[in-house]
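**Q** from the sequence below, what's the structure:
(chains A, B, C and D)
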There are 2 protein chains.
Amino acid sequence: MIQTRTTLSEISKALNVSISTVSKSLSDSSEISLSTKKRIQDFANKCNYVPNNFAANLRKGYTNTIGLIIPNMLNPFYAKVFVGIEKYLDEHGYRLITSISNESKDKEVKSLKKMANGYVDGLIICTSKETEVSNEYSHINSLIGQGTPVVMFDRICELIDCDKVIINDYEASFETTEHLINTKNCSNILMASLIDDLYHGKLRTRGFNDAIERNIDKVRGTTIIANDISSLQKKLEAALKNDPTIDGILGVNEQAVLKAISTVKKLNINSLHGEVIIAGFCAQRLVESYEPLVIITQNAKKIGVESAKNILQRIKNTETKNFNTTTVEYDLY
Amino acid sequence: MIQTRTTLSEISKALNVSISTVSKSLSDSSEISLSTKKRIQDFANKCNYVPNNFAANLRKGYTNTIGLIIPNMLNPFYAKVFVGIEKYLDEHGYRLITSISNESKDKEVKSLKKMANGYVDGLIICTSKETEVSNEYSHINSLIGQGTPVVMFDRICELIDCDKVIINDYEASFETTEHLINTKNCSNILMASLIDDLYHGKLRTRGFNDAIERNIDKVRGTTIIANDISSLQKKLEAALKNDPTIDGILGVNEQAVLKAISTVKKLNINSLHGEVIIAGFCAQRLVESYEPLVIITQNAKKIGVESAKNILQRIKNTETKNFNTTTVEYDLY
DNA sequence: CTGAAAGCGCTAACAT
DNA sequence: ATGTTAGCGCTTTCAG
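**A** Residues are numbered from 1 along each chain as shown, chains lettered A, B, ... in the order given. Below is the predicted model:
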């Protein structure tokens, strides 16, 4: 039983009123008498009337749809951001259309085009690694130039004129390192990073180094930077084997934390050299897998919510030109 | 510099041709001479022309957009399904609009309404727990009634007339249990489930029981079914403490597998009673966290791809009425 | 309070 | 090869 979609015009014919009366009734306009409104609304319900949003959008010039581009959905950080965004937008009557860039700039540009075509009222984006490394943001700038508001989160570019949502990477890294030193009494800390080519990766490294610097009387620090997981693994193994006094590791991104855990386990360091405290930026699902673990959760969901909030605000108010950067606090766990 | 979006009509005026000439040129119609086509295309490029999809959709009657409703994005199974769907759709020129039901039927119904409004050409859905338990699918049926193709995956309802994508739960469970018995030489296996209220949960339990039945000469089996994680934990602990001969656990869903691992670790069973092999339905990221682990991966990404493939096929060909159920093979890992 | 009519931007059948 | 025209379904002035 395919019942073709009911339209305003069909209702108007059936009830012998004009299309505009139907339209106004269904949007509960005060221009229409209560009795006809009721009559029309009841009838529309009975027919399972659903308005064609495309027509409405075309007419009204906006879409109630937000675009989202993220590098990866399998990384729990982004999945959580997504959840926050989806929830906030849903509660405010917006739809969400999502693309995964897979860290590829090409895919990112392509996705952006699909969204640029009058399809979304605004875009939330965390750029791909490739984009950040290339430092070339013309695709985003041209979208902004077309008048579509953009919010960047996590990986941002200072030079783009848009709202931004980040955590205070420097501070989180600094304070966690101090936490390792002062609360966990670590005296020889390794930092491991796979993202030192990214802006926020550098901030985190800087936070680590500054914290070491400031506590140089009681702690030694070494940074291990690698471009891929297996070379990180090798460097970690070498460092841990070489220096039995290492008692803390700061993983600057999730993969680094994971690799630190598995390497410490593999080498059985905790039995041989004494307990190594591992800390790092990471979604908090790992707690059970390694005991001496300090996790910096990024409040990913909140980052999502803030991004969504920002984009809707900006859509409501396109005039103001002073863009704001929201800093979401992190949690130690 | 807000440059308002260029339209066909603006181009046509600027170049002194008709709108339809512009339209045809930009869609590279053979009706138009090469020279004018080139002239118009070049000009459009220069103006950064982007077609308004809403207008086109309104006119053409389809949207190139697929809706997706899933219970949860933080569960890696669904995240992977999502990735598969997004990839396939993107490669075929479709957009994806996604809602998370959070296992709530209300949210699911609401999301579905947002998509029903002529917004999507088709819907891919994994229903919420609440929906499956209520066994009431009128929202989906009414969408189908409106002529929108639907694909259900993972949690399906036999009674709905639509394409379906699932793994062979019964077989996966049966064969894994036999694997524990014959390859891993388990002789006393516990099954743990948190999803025995769901259809595919029951199938898995049945697979387990039948495998035990069939090998009753060499193995004993016990099923532990719980509704929430902490009661599962309690039951697991009790069983493991009580019976030191338990040497295998089959976790019927991810949370159950995780709980089995953490409980075995917590009670230090492997040292006290001998090694317990844990097997179960689970995304494969856990491999490093527990050694004697057999994982049934659900080929989540493939489920996504198959779902996407099915929905596009169905959109292309709305007539055929014989719906098919695709079974995606599972992997032991 | 109700209706007529214009038009959002695009496509496609039908002229020319 | 190019142009004219009639909508897609809806909102929204403006008239009655």
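**Q** from now on I want contacts and neighbour counts done on CA atoms only, so please keep to that.
**A** OK.
**Q** residue A:175 is in contact with residue A:212, isn't it?
**A** No - Residue A:175 lies out of contact with residue A:212 (C-alpha atoms under 8 Å); the separation is 10.6 Å.
**Q** which one of the two is surrounded by more residues?
**A** Counted by other C-alpha atoms under 10 Å in any protein chain shown, residue A:175 and residue A:212 do not tie: residue A:212 has more neighbours, with 23 against 16.
**Q** look up how far DNA strand C lies from that one.
**A** 58 Å (C-alpha to the nearest atom of the strand, to the nearest Å).
**Q** ok, now residue A:168?
**A** 41 Å.
**Q** how many neighbouring residues does the residue nearest to that residue when sequence neighbours are not counted have?
**A** If the residues on either side of it in the chain are set aside, residue A:168 comes closest to residue A:327, at 6.2 Å by C-alpha to C-alpha, 6 or more residues apart in numbering or on different chains. Using other C-alpha under 10 Å, residue A:327 has 16 neighbouring residues.
**Q** for the host helix or strand of residue A:327, which positions count as buried?
**A** Assigned by DSSP states H and E, residue A:327 falls within strand A:325-328. Buried residues in strand A:325-328, counted by 16 or more other C-alpha atoms under 10 Å in any protein chain shown: A:325, A:326, A:327, A:328.
**Q** ok, the residue nearest to residue A:168 - contacts?
**A** A:165, A:166, A:167, A:168 (C-alpha atoms under 8 Å, 6 or more residues apart in numbering or on different chains).
**Q** what's the PyMOL line that selects buried ones from those?
**A** Applied in PyMOL, the following selects the buried portion of the contacts of residue A:327 according to 16+ other C-alpha under 10 Å:
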select buried, chain A and resi 165+166+167+168
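**Q** in helices, which of the contacts of residue A:327 appear?
**A** Residues of the contacts of residue A:327 located in helices (DSSP state H): none.
**Q** okay, the contacts of residue A:327 in JSON lines with pLDDT next?
**A** Shown next, in JSON lines, are the contacts of residue A:327 (pLDDT from 0 to 100):
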{"residue": "A:165", "pLDDT": "96"}
{"residue": "A:166", "pLDDT": "92"}
{"residue": "A:167", "pLDDT": "89"}
{"residue": "A:168", "pLDDT": "89"}
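**Q** closest one of the contacts of residue A:327 to DNA strand D?
**A** Closest approach between the contacts of residue A:327 and DNA strand D, by C-alpha to the nearest atom of the strand: residue A:165, at 31.9 Å.
**Q** ok, back up a step: and the two most separated of the contacts of residue A:327?
**A** A:165 and A:168 (9.8 Å; C-alpha to C-alpha).
**Q** just checking: what are the partner strands of the helix or strand following the strand holding residue A:327?
**A** For strand A:325-328, the succeeding helix or strand toward the C-terminus, using DSSP H and E, is strand A:331-332. With DSSP bridges as the test, strand A:331-332 is paired with strand A:293-297 (antiparallel).
**Q** got the CA coordinates for the partner strand in CSV?
**A** The C-alpha trace of strand A:293-297 is given here as CSV (Å, rounded to 0.1, in the frame of the first residue of the first chain):
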residue,chain,number,x,y,z
LEU,A,293,47.0,4.8,35.0
VAL,A,294,46.1,8.5,35.0
ILE,A,295,43.9,9.6,32.2
ILE,A,296,43.3,13.0,30.9
THR,A,297,39.9,12.8,29.4
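**Q** which element follows that strand toward the C-terminus?
**A** Assigned by DSSP H and E, the successor of strand A:293-297 is helix A:300-316.
**Q** part of a strand, is residue A:6?
**A** No - using DSSP: H, G, I helix; E, B strand; the rest coil, the assignment for residue A:6 is coil, not a strand.
**Q** contacts only, for the nearest residue to it once chain neighbours are set aside.
**A** Counting by C-alpha to C-alpha, 6+ apart, residue A:49 is the residue found nearest to residue A:6 once chain neighbours are left out, at 5.3 Å. Contact analysis of residue A:49 by C-alpha under 8 Å, 6+ apart lists A:5, A:6, A:7.
**Q** and the residue of chain A found nearest DNA strand C, helix, strand or coil?
**A** Per C-alpha to the nearest atom of the strand, residue A:59 is where chain A lies closest to DNA strand C, at 3.1 Å. Under three-state DSSP, residue A:59 falls in the helix class.
**Q** low-scoring stretches of the stretch 1-150 of chain A, by residue?
**A** Low-confidence segments of the stretch 1-150 of chain A, defined by pLDDT under 70: A:1-4.
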